[in-house]
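Engineer: Pasting the sequence and the predicted coordinates here, then a few questions.
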Amino acid sequence: MTTLTMELPETVFSALHADPKEFTRQMRIAAAIKWYELGKLSQNKSAEIAGLSRAEFIDALSEAKVSPLQITPQQLRDELADAN
């Protein structure tokens, strides 16, 4: 596993009421959710980055009000048309 080092102001921890370890956990989850929402990552890869199981990641998506289904209305129409 690769380790990254970031310099952050001490105030970021108090802003989220989190110690550095909890802040890191929250930051990994937030980044994974955003990258998934943007369509850059699959659920599996996002869950891996977040350090969660896929089921836990889907729960995190729900808490963040991000749909676990990343399909556009046009893609859905196309798939339904192809099925007929």
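Structural biologist: Looks like it came in fine.

Engineer: got a list of what the residue lying closest to residue 12 once chain neighbours are set aside touches?
Structural biologist: Counting by Cβ to Cβ, 6 or more residues apart in numbering, residue 23 is the residue found nearest to residue 12 once chain neighbours are left out, at 6.7 Å. (Each C-beta comes from the backbone N, C-alpha and C, glycine too.) Going by Cβ atoms under 8 Å, 6 or more residues apart in numbering, residue 23 touches 8, 12, 13, 16.

Engineer: which secondary structure element contains residue 23?
Structural biologist: Here residue 23 sits within helix 20-37, counting by DSSP states H and E.

Engineer: what is the rounded mean pLDDT of that helix?
Structural biologist: Per-residue pLDDT over helix 20-37 has a mean of 95.

Engineer: What is the subsequent helix or strand relative to that helix?
Structural biologist: Using DSSP H and E, the next helix or strand after helix 20-37 towards the C-terminus is helix 43-50.

Engineer: who touches the very next helix or strand once past that next one?
Structural biologist: Next along the chain after helix 43-50, taking DSSP H and E as the criterion, comes helix 54-63. If you take Cβ under 8 Å, 6+ apart as the criterion, helix 54-63 is touched by 29, 32, 33, 36, 43, 44, 46, 47, 50, 52, 67, 68.

Engineer: Tell me how many other residues surround residue 29.
Structural biologist: Counted with other Cβ atoms under 10 Å, the neighbours of residue 29 add up to 22.

Engineer: Same question for residue 45.
Structural biologist: The number of residues near residue 45, taken as other Cβ under 10 Å, comes to 14.

Engineer: go on, residue 8?
Structural biologist: 11.

Engineer: now swap in residue 18 and tell me
Structural biologist: Using other Cβ under 10 Å: residue 18 sits among 15 other residues.

Engineer: doesn't residue 30 make contact with it?
Structural biologist: No - the criterion here is Cβ atoms under 8 Å, and residue 18 misses it with residue 30 at 11.9 Å.
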